[in-house]
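**Q** take this sequence and fold it.
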Amino acid sequence: MSRERLLIHLRPWCHALLLSIPLLMYSSAQAMQYVPAALAAAIPLVVMFVLLPLIDALIGRESINLPEYQFTWLERRLLPLLCLPAQAAMLWWGIPFGIDLPLPAAILWFTSMGVIGGIVAINVAHELIHRRSRLDRIAGGLLLSLVNYSGFKVEHLRSHHLYVATPKDASTAHLNQSAYHFVLTSLWRNPQRAWQLEAARLQRQGLSSWHWQNELLWWHGVSVILALIALGLWGAFGLLAFVMQGVLAAATLEVINYVEHYGLMRQKIDGRYEAPNEHHSWNSDYFLSNAILLQLQRHADHHAHPLRSFPYLRHRDSAPQLPLGYAAMFVLALLPPLWRQVMNPRVKEYAVNLHSSVDKTALEVNNAPPSRP
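**A** Residues are numbered from 1 along each chain as shown. All right, here's what the predicted structure looks like:
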């Protein structure tokens, strides 16, 4: 069997590996019987940010666009929905387990939980909130409520997709902006932006910002109920743990946003920004990380076709490519000097090549002989 055929057969199984990520916390707990608790609590982070990039490098890249009939209902619809009970179960079991650990191990434990929340809760919610199905959108909202980042549902759909790669978008990182500045800015601005957008929608209908139709009140209400449950069951430390894992999940998402759009800006044409296209998102066609992240790394096609479900996202040759998968780029983003050394030349090179291509096309059009009537 050729490598291409093998990867085609493996892709659905690698999508399903997403459900195994919360189980890393259980593996971590079991490992505490044999190794120091702090070391065991870091196992999920090592798997995701060390082991996964190494396997990515071993398997390599894959840019096959499969026909729609390759994908089953179980893969396309059921797999993302199963992430809701998986995330909820991890929190229900993981919070009381973590608060009984020594402080260094507890910090690493809840950091691991937060990163997993960014992958399993927010990343999957990102897939679900774009869908037309009401069930999918509700599941996406509940996933976001589990990590207390419900504003993402409103801000992402109504602001990020509209203003991506412009100064108006808090989810687009500018050239030389550090990941730390970007994450802090996004965590502060995006929830406020979400509330402003929802308030404006209600005001256009003649309703108060605090009307019951404000969807953010419902989603945040779910988060408040969950926080009160954590407080009632596990005390102040349980509440702190619930809040901490949510903040870290949101920060994980924003680091990925940083990676996805760093330095790529839309050009102004006659005073207006060009439409967003495949040139405004960093892609990565490393097979395993892309499959586990439900093809999030085909981000250019997602912005071109926001309603397209993850199995159908297409590789685009013209989109800018990252040198590594998102997991490895996540780590690189946390090292700003090294990040700039790797990425700034790529940003500038891509911009030069893109503008040269555009200028060449325009020249060919302008110099083309007139068509016959």
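**Q** all helices of the stretch 1-150 of the chain, in order?
**A** Secondary structure of the stretch 1-150 of the chain (DSSP state H, counting those that start in this stretch): helices at 3-16, 23-31, 37-41, 43-46, 52-59, 73, 79-99, 103-116, 123-128, 134-146.
**Q** what's the most buried one of these?
**A** Compared across the helices of the stretch 1-150 of the chain, helix 123-128 shows the largest average neighbour count, a mean of 26 (mean count of other C-beta atoms under 10 Å). For every residue, glycine as well, the C-beta is placed using N, CA and C.
**Q** can you tell me what sits against that one?
**A** 18, 80-81, 83, 136-137, 139-141, 143-144, 152-153, 156, 253, 256, 293-294, 296, 309-310 (C-beta atoms under 8 Å, 6 or more residues apart in numbering).
**Q** middle-most residue in the protein, spatially?
**A** N123 (4.4 Å; C-alpha atoms, centre = their mean).
**Q** distance-wise, check that residue relative to E215.
**A** Using C-beta to C-beta, to the nearest Å, one gets 21 Å for the distance from N123 to E215.
**Q** now L142
**A** For L142 relative to E215 (C-beta to C-beta), the value is 12 Å.
**Q** and what of E75?
**A** According to C-beta to C-beta, E75 and E215 sit 29 Å apart.
**Q** which residues are in contact with the nearest residue to R131 once chain neighbours are set aside?
**A** Of all residues not flanking R131 in the chain, R137 sits nearest, at 6.4 Å (C-beta to C-beta, 6 or more residues apart in numbering). The neighbours of R137, taking C-beta under 8 Å, 6+ apart as the test, are 128-129, 131.
**Q** other SSEs contacting the longest helix seen in the chain?
**A** For the chain, the longest helix by residue count, based on DSSP state H, is helix 215-261. If contacts are counted by 3 or more C-beta pairs under 8 Å, 6 or more residues apart in numbering; DSSP states H and E, helix 215-261 sits against helix 79-99, helix 103-116, helix 134-146, helix 151-155, helix 179-204, helix 326-333.
**Q** need those in CSV (columns: distance to V224 and mean pLDDT).
**A** Shown next, in CSV, are the helices and strands packed on helix 215-261 (distance: least, C-beta to C-beta, whole Å; pLDDT from 0 to 100):
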stretch, distance to V224, mean pLDDT
helix 79-99, 15, 96
helix 103-116, 19, 97
helix 134-146, 9, 97
helix 151-155, 14, 96
helix 179-204, 14, 96
helix 326-333, 30, 97
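**Q** can you lay out these as CSV showing distance to L52?
**A** Output for the helices and strands packed on helix 215-261, formatted as CSV (distance: least, C-beta to C-beta, whole Å):
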stretch, distance to L52
helix 79-99, 18
helix 103-116, 12
helix 134-146, 22
helix 151-155, 24
helix 179-204, 19
helix 326-333, 5
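**Q** can you count the residues close to G60?
**A** 12 (other C-beta atoms under 10 Å).
**Q** so what's it closest to, chain neighbours aside?
**A** Computed as C-beta to C-beta, 6+ apart, the closest residue to G60 that is not its neighbour in sequence is F287, at 6.7 Å.
**Q** for R316, give me phi and psi.
**A** phi -120, psi 120 (degrees, to the nearest 10).
**Q** go on, the one 3 residues further on?
**A** Listed backbone geometry of A319 is phi -80, psi 150, with angles given as degrees, to the nearest 10.
**Q** residues contacting the residue nearest to it when sequence neighbours are not counted?
**A** Leaving aside its sequence neighbours, A319 sits nearest to A300 (C-beta to C-beta, 6+ apart; 3.8 Å). Applying C-beta under 8 Å, 6+ apart, we find A300 in contact with 277-281, 283, 316, 319-320.
**Q** now the residues you listed as JSON lines including neighbour count, pLDDT and distance to W109?
**A** As requested, the contacts of A300 are exported to JSON lines (neighbours: other C-beta atoms under 10 Å; pLDDT from 0 to 100; distance: C-beta to C-beta, whole Å):
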{"residue": "N277", "neighbour count": "15", "pLDDT": "83", "distance to W109": "42"}
{"residue": "E278", "neighbour count": "18", "pLDDT": "85", "distance to W109": "40"}
{"residue": "H279", "neighbour count": "22", "pLDDT": "88", "distance to W109": "41"}
{"residue": "H280", "neighbour count": "23", "pLDDT": "90", "distance to W109": "37"}
{"residue": "S281", "neighbour count": "24", "pLDDT": "94", "distance to W109": "33"}
{"residue": "N283", "neighbour count": "25", "pLDDT": "95", "distance to W109": "33"}
{"residue": "R316", "neighbour count": "21", "pLDDT": "88", "distance to W109": "39"}
{"residue": "A319", "neighbour count": "24", "pLDDT": "91", "distance to W109": "37"}
{"residue": "P320", "neighbour count": "23", "pLDDT": "92", "distance to W109": "36"}
